[in-house]
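>>> Turn this into a structure:
(one chain, ligands or ions: 1)
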Amino acid sequence: MLTGKTVTAGKASALGIVDAVVAERNIGRAIDEAASRRMERHGAGRIGDALNLLPARKAAARQMRSETEKRAPARHYPAPQSLIDLWEKHGGSQPDMLRAERASFARLLPMPITQNLIRNFFLRETLKGNGKGGSGIERVHIVGAGNMGAQIGAWCAFKGMHVTIEDPEPQSLGRAVAGMHRLADRKLHDPEALRAKDRFIPDPHGDGLRQADLVIEAAPENVSLKGAIYARLESEARRDAIIATNTSSLDIAELTSGLARPGRFVGIHFFNPVSRLDLIEVVCHDGVDETTHTRALRFVADIGKLPLPVKAAPGFLVNRALMPYLGEALLMIDEREQPERIDAAAEAFGMPVGPVELADQVGLDICLAVAESLAENLDRPMPRIPEWLRAKVANGEFGRKTGQGLYAYDADGKPKKDKLRHDPDEAMQDRLILPMVDAVAAALEEGVVADADSADAAMIFGTGFAPFRGGPMHYAQERGRGNVLATLDKLAAVHGARFEPSRWWRQKAEA
Ligand code: NAD
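Numbering: from 1, shown residues only. Next up is the predicted model:
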């Protein structure tokens, strides 16, 4: 209940929170047994009995509070802590608990935070709806078994697809298989995990390509290399197969320019880590066939992810919005700001990790490539890229994956952070968050994404944008668009043209 996670019927039974799980054909009998009280009920168990005593509950509640606070701070998410309070005070008496719960519920429900979280539920449903209908895709061939290809392949196999994966480097294929097995072994209780292992086939010669319904290219970010790959895919893949790219930053028009049949080509842009980020941008371009686009959206829903249709444009939506935020953090480091303080400012706003740690997670090499591509292709100024960042990348300091980036990392991949020298301030938050909000507004103005709700959903499910704030555009509305505009103007006066608000704000004010 504290995490808000849903569990499957089998797990609920194992946890003792339901009395029985029965096959559908036995439901009638089970209902009779339950109604006539013949069904054996799950007792609280020995630990449960002990927790009926107040001192035991007090001790357990203390621990729950500190664990919960780490994951969902009470100032942003009051409900879990209220639940612990209720249980601690009234857990020994069901009638008292129910009475107190009603009062607590009535207090929490109208809070803006609660309303925003409820809205997120519906935003998720809206995104899911973009991919309704079933794609009919069963066989996926992945080209490139690096960081992304391996994760995408593993995810698709877990979701029931038959996956073949090719790479010219045997080590990459080896790492992809090892990663897949590690993931499956962690889920040993799930019989599907074992079947997923069998469905994930390393394919050094690319034989799976000829049977695939969908080919996903996840090779290095290089136009001519990808172009050469597409020539082979076009000649060998089935005529009705979809060819998709996972590119983050390359110009889709340039990628399609050498294709004989661009109609079956589409962008399917996953986010890293694939298992944790639910959003996938499905990138449409001028020459794409309607059926390709629809099937790609449905495929994303088939693998349990949230499809967001976006127009081919530099950085699509999410990277375009994220880069000004990450770039501003790098400039602050350049101004000798303590990285821990920058992260603390963003986390106090409600971001799951701060921008410095996030840049290390994404990989400084990738951030640099995306930032350079956006600086070149967007007609808006981006934060200057500090020279030391290029030096770090040239030196192989890519962030968490190499153990050294903006932070140093321990063996478990945790950043070694110093103690905060001063508390973060709100001015810092505005300097980090508002460029991201403005970039979303610019993307809306240019029609990269259809509407503000979809953009909010994408930023929440693709970047973890403070969920209780309801997404960047909702945040701007709650704060007051006039206030956002005025603050951006002030920031532009101090820090330069990169803060100049996009036209969207004034258009909205006039509308
Ligand atoms: P990576 O360098 O980890 O993996 C690329 C893999 O492609 C390597 O294993 C390499 O051996 C292989 N390769 C090289 N030439 C090949 C060829 N001719 N045919 C098949 N495979 C070949 O890169 P990555 O981070 O996995 O990125 C792959 C793609 O995904 C890029 O287009 C990138 O923009 C995109 N992407 C990356 C991220 C991320 O966070 N890393 C997120 C979203 C999208």
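>>> Could you report the pLDDT at residue 188?
Looking at residue 188, its pLDDT is 67.
>>> Same check on residue 166?
Value listed for residue 166 in the pLDDT field: 98.
>>> all helices of the stretch 351-500 of the chain, in order?
Ranges of helices in the stretch 351-500 of the chain, per DSSP state H, counting those that start in this stretch, are 355-362, 364-377, 387-394, 426-445, 452-463, 472-479, 481-495.
>>> who touches stretch 80-96?
1-4, 51-54, 57-58, 61, 64-65, 68-69, 72, 74, 97, 99-101, 104, 107-108 (Cβ atoms under 8 Å, 6 or more residues apart in numbering). Any C-beta I mention is one placed from the backbone N, CA and C, and that applies to glycine too.
>>> interface residues of the stretch 151-300 of the chain facing the ligand?
166-169, 172, 218-221, 225, 229, 246-248, 270, 272 (Cβ under 6 Å from any ligand atom).
>>> on that earlier part again, just checking, which of the helices of the stretch 351-500 of the chain comes out with the lowest mean pLDDT?
Across the helices of the stretch 351-500 of the chain, the lowest-scoring stretch is helix 364-377, with a mean of 92.
>>> quick one: contacts for the residue of the stretch 1-150 of the chain found nearest the ligand?
In the stretch 1-150 of the chain, the residue that lies nearest the ligand is residue 146 (1.7 Å; Cβ to the nearest ligand atom). Taking Cβ under 8 Å, 6+ apart, we find residue 146 in contact with 167, 172, 218, 219, 220.
>>> got TSV for those residues, with neighbour count and secondary structure too?
Formatted as TSV, these follow (neighbours: other Cβ atoms under 10 Å; DSSP: H, G, I helix; E, B strand; the rest coil):
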residue	neighbour count	secondary structure
167	24	coil
172	19	helix
218	25	coil
219	22	coil
220	9	coil
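>>> can you list contacts of the helix or strand where residue 347 lies?
Applying DSSP states H and E as the criterion places residue 347 in helix 339-349. Outside helix 339-349, the residues that touch it by Cβ under 8 Å, 6+ apart are 325, 329, 332-333, 353-357, 406-407, 417-425, 428-429, 432-433, 466, 469.
>>> Is there a quick PyMOL command that grabs whichever of the residues you listed are buried?
Applied in PyMOL, the following selects the buried portion of the contacts of helix 339-349 according to 16 or more other Cβ atoms under 10 Å:
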select buried, resi 325+329+332+333+354+355+356+357+406+407+417+424+428+429+432+433+466+469
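>>> Which of the contacts of helix 339-349 fall within strands?
Judged by DSSP state E, strands contain none of these.
>>> filter the contacts of helix 339-349 by proximity to the ligand?
Residues shared between the contacts of helix 339-349 and the neighbourhood of the ligand: none [Cβ under 6 Å from any ligand atom].
>>> Can you give the contact residues for stretch 152-159?
Stretch 152-159 is touched from outside by 140, 142, 145, 163, 165, 176, 179-180, 183-184, 192-193, 196-197, 199-200, 216, 218, 246, 270, 274-275, 302-304, with contacts defined as Cβ under 8 Å, 6+ apart.
>>> Can you select the buried ones from the contacts of stretch 80-96 in PyMOL?
To isolate the buried ones among those in PyMOL, judged by 16+ other Cβ under 10 Å, type:
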select buried, resi 2+51+57+61+64+65+68+72+100+104
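>>> ok, how many other residues are close to residue 506?
12 (other Cβ atoms under 10 Å).
>>> I should have written residue 93 there, sorry.
Counted with other Cβ under 10 Å, residue 93 comes out at 12.
>>> Outline the domain layout of this protein.
In terms of domains, the chain is parsed into 1-43, 47-109, 139-311, 318-447+480-510 (source: automatic domain parsing).
>>> May I see these organised as a markdown table, with distance to residue 455 added?
Putting those into a markdown table (distance: least, Cβ to Cβ, whole Å) gives the following:
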| stretch | distance to residue 455 |
| --- | --- |
| domain 1-43 | 24 |
| domain 47-109 | 21 |
| domain 139-311 | 9 |
| domain 318-447+480-510 | 5 |
